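J.: Sequence first, then the predicted structure:
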Amino acid sequence: MPSVSTTGSPRPKFVKVAVNAGRPNYLTFTYRVPAGREVVEGEVVHVPWGARTLQGVVVETMDTPGYDPDEVRPLEPPIDAAPCIPPDRLPLAAWLRDYYLAAPWDAYALFLPPGSGER
């Protein structure tokens, strides 16, 4: 279960997520981390996607999104016992994505336990 922090920076934190949209999508999407929630790169999260909620993998954390922070949607509540890609595998997944021009979700999902990439 992701750790929850009660202290830290007062400004919101943002993450880029590779979303399992069910079809190849070659972009990552930015989401806001709710106050009091700690998220690490490689963690599986649920994100709002239109009217649906989809699964994704956090591929990057950042302090500012690069555009209006008020327009960024928040992550959904944490997943109990969410799988996490080991930190030493993240560079390999990024290399696979770039070298083979793969969709981000497809590259990162290779390093998740069997069955965890199902929608």
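T.: It's in.
J.: quick one: the helices in the protein?
T.: With DSSP state H as the criterion, the chain has helices at 90-99, 104-109.
J.: Redo those helices as TSV? Include distance to Gly115 and mean pLDDT.
T.: (Glycine included, C-beta is placed from N, CA and C.) Listed next are the helices of the chain as TSV, based on distance: least, CB to CB, whole Å; pLDDT from 0 to 100:
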stretch	distance to Gly115	mean pLDDT
helix 90-99	18	97
helix 104-109	11	95
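J.: Out of the ones you listed, which one sits most buried?
T.: Counting by mean count of other CB atoms under 10 Å, helix 104-109 has the highest mean neighbour count of the helices of the chain, with a mean of 24.
J.: Packing partners of that helix?
T.: Helix 104-109 sits against strand 13-19, strand 52-62, helix 90-99, with contacts defined as 3 or more CB pairs under 8 Å, 6 or more residues apart in numbering; DSSP states H and E.
J.: hang on, the earlier thing: now tabulate the helices of the chain in a markdown table and tack on distance to Thr64.
T.: Converted to a markdown table, the helices of the chain look like this (distance: least, CB to CB, whole Å):
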| stretch | distance to Thr64 |
| --- | --- |
| helix 90-99 | 21 |
| helix 104-109 | 21 |
